[in-house]
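Trainee: What would the 3D arrangement of this be:
(one chain, ligands or ions: 1)
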Amino acid sequence: MDSARPRVEALAARERRIAAVGTDVEVRRWIGPRTRVVELRGRTVTPGFGDAHAHVTLSGLERLRCDLTDLRGLDRYLEAVATYAAGHPAESWIVGAGWSMTDFPAGIPAAADLDRVVPDRPVFLDSRDGHSVWVNSRALELAGITSTTVDPADGRIERDADGHPIGTLQENAKYLVMPLLPAPDTDQVLEGLRIGQRVLHEVGITNWQEAYVQADIEDIAFPELAARGELTGRVVGALGWDEARGLEQVDELVERRTRTTVPRYAPTSVKFFADGVIENLTGAMLDPYFDAGGHLTTERGIGMLDPAEFGEAVAAVDALGFQTHVHAIGDRAVRESLDAIELARARNGPSRNRPHIAHIQVIHPDDIGRFRALDVAANVQALWAVLEDQMELLTIPVLGPERSAWQYPFGSLLRAGARLVMGSDWSVSTCDPFDQIEVAVNRVLPEHRGLKPAFLPDERISLEAALEAFTFGSAWVNGLEDEVGSIEVGKAADLAVLDRDLFDRGAGEIGDTTVVATFIDGVAVFERPELER
Ligand SMILES: [Zn+2]
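Mentor: Prediction:
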């Protein structure tokens, strides 16, 4: 990632920093009696990877709860819920996550199925993408959700033909139930963050942006883990903006930033939700969705923020030095996000705040050039840019052919001069950067190699561009590019050791790459025994 020296043979690190890069002969001079020498033997060292959008604490916590992430299909889910419930007789609620919408007709699971395995205790299960919740009848009952309950403004209670709740709550309808859930205690939250950080280090990630920081969870976890000397990753926190409230929350954000900033953790970003997702028709679109029969509906999705209020909110936090980080999926959400940032730019002038818009599933062609013009980073989740069940069954039919071709336009963004940064949205999808990079390059999932065509092949990007987005790009969006993101003398020795040369196509597929070791400040935070063999 150093354009002056894109490939070198060797590097030396001393007192946390990269002291030399060059040929083996040049770097050998740095070896002293106490130096640890690692021979790569055909492996590659890259800058440590940066995940520009991940939910690390919650992903770690999920592994402690009823975790459906690696399962597929109703039967497997019910089996896992039953096993978890039997193994945790003292828990008053069965809380979990990780089911996929593609396993249910129209993406909507039913309470009746959960009732068969857990009839007596309430069950609350987040979907893999976090935009839908599956509950059982006991949970509906405790939350008082009946056929007469009105849908909240930013959400939807799925109902049968008679208006009875089915057991799926879309978007903010989950808040009808969530206040009833027992909060995880501090020890559980810390353990979740430890697990999450370890999983990231195992795939070469050394810095990330925590994509939605909650006052009662991450505000506690990051300073506490840092105080115990266990926070190894470099983290920027995106403080969640509460759409139900207005500008009065700005003072609290400033107070939280002041109170919780510690070495390695800076909550200097604010996360806005502009909309929901396409699959449940809550992604905000400029024009209406189609129905299953191919007819235009009147549904244009849910804009979470009134556009005028959105602009005022972004301008207010930007003026206070916060970065703006937006979740935007539909073309209307993307446009309204760009509009809000444009207002902030006009009012506050240039800044180093580096606004970014994450997900950007559907971008109207007129808006592609605005990313560069407004200096807004395109924060992409490359793994989603493929033909698979969710895309083929739930997305393309409701978008129709024209807008389906506007999805994940990474190539178009790069050609228009936009800055691309990459993040996984873990645990929505895998945090393994190499699967994501393979998809950015091929637009086919690793498990569909040779089976599916590339999705919108003109939007493929080069391996160089994808690697840059995942290293230097993510470091930049986290404001860390003077410190990490490239291998240059003087920068921190944050490095990933890969088992192969990514650029040698004879070495195998990109997504099959494994990380042999991960270093932060020159110290291994993850290491396989093979490193010394
Ligand atoms: Zn996310």
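Trainee: Would you enumerate the residues in contact with residue 67?
Mentor: Taking C-beta atoms under 8 Å, 6 or more residues apart in numbering, we find residue 67 in contact with 80, 96, 97, 98. Just so you know, the C-beta spots here come from the backbone N, C-alpha and C atoms, and that holds for glycine as well.
Trainee: Surely the last one forms part of a strand?
Mentor: Yes. Looking at residue 98 with DSSP: H, G, I helix; E, B strand; the rest coil, it is inside a strand.
Trainee: how close does it sit to the ion?
Mentor: Distance of residue 98 to the ion, given as C-beta to the ion, to the nearest Å: 14 Å.
Trainee: pretty sure that residue contacts residue 62?
Mentor: Yes. Residue 98 lies in contact with residue 62 (C-beta atoms under 8 Å); the separation is 6.5 Å.
Trainee: Mind listing the shared neighbours of the two?
Mentor: 69, 427.
Trainee: quick revisit: out of the contacts of residue 67, the closest to the ion would be?
Mentor: residue 97 (12.9 Å; C-beta to the ion).
Trainee: burial of that closest one, as a residue count?
Mentor: 25 (other C-beta atoms under 10 Å).
Trainee: Which stretches in the stretch 301-450 of the chain count as helices?
Mentor: In the stretch 301-450 of the chain, helices defined by DSSP state H, counting those that start in this stretch lie at 307-319, 331-348, 370-373, 389, 396-404, 410-415, 433-442, listed in chain order.
Trainee: Least reliable of these by average pLDDT, please.
Mentor: Confidence, taken as mean pLDDT, is least for helix 389 of the helices of the stretch 301-450 of the chain (a mean of 88).
Trainee: which residues are contacting that one?
Mentor: With C-beta under 8 Å, 6+ apart, helix 389 has contacts from residue 102.
Trainee: going forward, begin numbering at 45 instead of 1
Mentor: Will do, 45 is the new start, and the previous item becomes helix 433.
Trainee: How about residue 563, nearest residue that isn't a chain neighbour?
Mentor: residue 539 (4.4 Å; C-beta to C-beta, 6 or more residues apart in numbering).
Trainee: Can you tell me who the one you found pairs with across the strands?
Mentor: Using DSSP bridges, the beta-bridge partners of residue 539 come out as residue 91, residue 563.
Trainee: what separates it from residue 308, distance-wise?
Mentor: 17 Å (C-beta to C-beta, to the nearest Å).
Trainee: who has more neighbours, these two?
Mentor: residue 539 (23 against 15).
Trainee: among the helices of the stretch 345-494 of the chain, which is the most enclosed?
Mentor: Highest mean neighbour count of the helices of the stretch 345-494 of the chain: helix 477-486, a mean of 26 (counted as mean count of other C-beta atoms under 10 Å).
Trainee: other SSEs contacting that helix?
Mentor: strand 464-466, helix 507-512 (3 or more C-beta pairs under 8 Å, 6 or more residues apart in numbering; DSSP states H and E).
Trainee: List of residues touching it?
Mentor: With C-beta under 8 Å, 6+ apart, helix 477-486 has contacts from 93, 95, 247-249, 424-427, 429-430, 454, 466, 468, 474, 489-490, 493, 498, 504-507, 509-511, 513-514, 546, 553-557.
Trainee: what distance separates that helix from the centre of its chain?
Mentor: 15 Å (C-alpha atoms, centre = their mean, to the nearest Å).
Trainee: Could you do stretch 495-514 as well?
Mentor: How far stretch 495-514 lies from its chain's middle: 18 Å, per C-alpha atoms, centre = their mean.
Trainee: How about stretch 232-246?
Mentor: Relative to its parent chain, stretch 232-246 has a centroid offset of 15 Å by C-alpha atoms, centre = their mean.
Trainee: in that stretch, what's buried?
Mentor: 232-241, 243-246 (16 or more other C-beta atoms under 10 Å).
Trainee: Go through the residues you listed and flag which are in helices.
Mentor: 232-241, 243-246 (DSSP state H).
Trainee: ok, so of these, who is nearest the ion?
Mentor: In terms of C-beta to the ion, no member of those lies closer to the ion than residue 240, at 13.6 Å.
Trainee: tell me, what residue is most central in the chain?
Mentor: residue 469 (1.6 Å; C-alpha atoms, centre = their mean).
Trainee: Show me what counts as buried in stretch 65-81.
Mentor: 65, 66, 71.
Trainee: Contact partners for the residue lying closest to the second one once chain neighbours are set aside?
Mentor: For residue 66, ignoring the flanking residues on the chain, the nearest one in space by C-beta to C-beta, 6+ apart is residue 52 at 5.8 Å. With contacts defined as C-beta under 8 Å, 6+ apart, residue 52 is in contact with 65, 66, 67, 531.
Trainee: Which two of these have the greatest separation?
Mentor: 67 and 531 (14.3 Å; C-beta to C-beta).
Trainee: returning to what we had before: hmm, residue 253 and the residue nearest to the centre of the chain touching each other?
Mentor: No. At 10.9 Å, residue 469 does not count as touching residue 253 under the criterion of C-beta under 8 Å.
Trainee: for the residue of the stretch 345-494 of the chain found nearest the ion, phi and psi?
Mentor: Proximity of the stretch 345-494 of the chain to the ion (C-beta to the ion) peaks at residue 469, 4.3 Å away. Dihedral angles of residue 469 (phi, psi; degrees, to the nearest 10) stand at phi 60, psi 30.
Trainee: Need the pLDDT of it.
Mentor: 95.
Trainee: Not counting sequence-adjacent ones, nearest residue to it?
Mentor: Once flanking residues are discounted, residue 469 sits nearest to residue 425: 4.9 Å by C-beta to C-beta, 6+ apart.
Trainee: burial measure for the one you found, as a count.
Mentor: Residues near residue 425, counting by other C-beta under 10 Å: 24.
Trainee: residues in contact with it?
Mentor: 97, 402, 403, 466, 467, 468, 469, 472, 473, 480.
Trainee: same deal with residue 224?
Mentor: Contacts of residue 224 by C-beta under 8 Å, 6+ apart are 137, 166, 183, 186, 187.
Trainee: ok, so of those, who is nearest residue 279?
Mentor: residue 137 (29.0 Å).
Trainee: Need the pLDDT of the closest one.
Mentor: The model reports residue 137 with a pLDDT of 96.
Trainee: Kindly report the same for residue 518.
Mentor: Listed pLDDT for residue 518 reads 98.
Trainee: for it, helix, strand, or coil?
Mentor: Residue 518 ends up helix, using three-state DSSP.
Trainee: May I ask you to confirm that it is in contact with residue 464?
Mentor: No. With contacts counted by C-beta under 8 Å, residue 518 stays clear of residue 464, the gap being 9.8 Å.
Trainee: out of the two, which sits in the busier spot?
Mentor: Between residue 518 and residue 464, counting by other C-beta under 10 Å, residue 518 is the more crowded of the two (35 against 25).
Trainee: for the ion, what are the nearby residues on the protein?
Mentor: 255, 469 (C-beta under 5 Å from the ion).
Trainee: From the ion, how far out is residue 533?
Mentor: 35 Å.
Trainee: Return, as residue ranges, the portions of the stretch 145-294 of the chain with sub-threshold pLDDT.
Mentor: Filtered on pLDDT under 70, the stretch 145-294 of the chain yields no residues whatsoever.
Trainee: which residues of the stretch 245-394 of the chain fall in strands?
Mentor: Using DSSP state E, counting those that start in this stretch, the strands assigned to the stretch 245-394 of the chain run over residues 249-257, 278-284, 309-317, 367-372.
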